[in-house]
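Return atomic coordinates for the entry below.
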Amino acid sequence: MFEVANLQAGQKILVHAAPGGVGHIAVQLAKWKGAYVAGTASKRNLEFIRCLGAHEAFDYSSGQFETALRDFDVVLDAVGGGISDRSYGVLKRGGILVSISGGGNAEKAREYGVRQASMLVRPDRDQLDFMARSTS
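Residues are numbered from 1 along each chain as shown. Just a heads-up that it's a prediction; the model follows:
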């Protein structure tokens, strides 16, 4: 979110699988950074992601997120499959889809005027030290 997408305070981020292993950390870090955070989850996990700091929680079983959510600077996709392809439409022009599940479609990114990146989680001691100092 920070290195690849350069998420900043005041920006909007959508975290897919927000209550999951990566998602629940992403929601908290994005909120800590000062971003507006939305997350997708099952109905039973909506309150959980709100408690983590999400401003908006979308129940993916109630409909398609791409018809209800708009104008995000960043989408963090921890699901993959068709979720990545459906996520391009919720991004602002110039926004970025970051997939940690190998998703991404360069042609769709060009079509929507957005960027895309795939990455794996990489521990970084300096970043972890910085976060620990910031929350003390």
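
quick one: contacts for Gln116?
By CB atoms under 8 Å, 6 or more residues apart in numbering, the contact list for Gln116 reads Ile96, Leu97, Val98, Ser99, Gly104, Asn105, Ala106, Ala109. (Glycine included, C-beta is placed from N, CA and C.)

Correction: the previous question concerned Gly102.
Gly80, Ser118.

still on that earlier bit, please tell me which one of the contacts of Gln116 counts the most neighbours.
When neighbours are counted by other CB atoms under 10 Å, Leu97 leads the contacts of Gln116 with 30 neighbours.

end-to-end on stretch 75-89?
10 Å (CA to CA, to the nearest Å).

so where do the strands sit in the chain?
Under the criterion DSSP state E, strands of the chain are mapped to 12-15, 36-41, 56-59, 72-77, 91-99, 115-118.

Now those in CSV, please, with extra columns for mean pLDDT.
CSV is the format used below for the strands of the chain (pLDDT from 0 to 100):
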stretch, mean pLDDT
strand 12-15, 98
strand 36-41, 98
strand 56-59, 97
strand 72-77, 96
strand 91-99, 96
strand 115-118, 90
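
Measure how far the lowest-mean-pLDDT helix or strand in the chain is from the centre of its chain, please.
In the chain, no helix or strand scores lower on mean pLDDT, DSSP states H and E than helix 125-135, which sits at a mean of 73. Centroid separation for helix 125-135 versus its chain: 21 Å, with CA atoms, centre = their mean, to the nearest Å.

okay, now Ala68: neighbour count?
When neighbours are counted by other CB under 10 Å, Ala68 registers 13.

do the one 5 residues further on as well
Counted with other CB under 10 Å, the neighbours of Asp73 add up to 21.

mind checking the backbone torsions on the closest residue to it other than its chain neighbours?
Leaving aside its chain neighbours, Asp73 sits nearest to Gln11 (4.0 Å; criterion: CB to CB, 6 or more residues apart in numbering). According to degrees, to the nearest 10, the main-chain angles of Gln11 amount to phi -80, psi 170.

just Gly20 next, same as before
Main-chain dihedrals, Gly20, degrees, to the nearest 10: phi -70, psi -180.

What sits closest to it if chain neighbours are left out?
Closest to Gly20 by CB to CB, 6+ apart is Ala78, at 5.8 Å.
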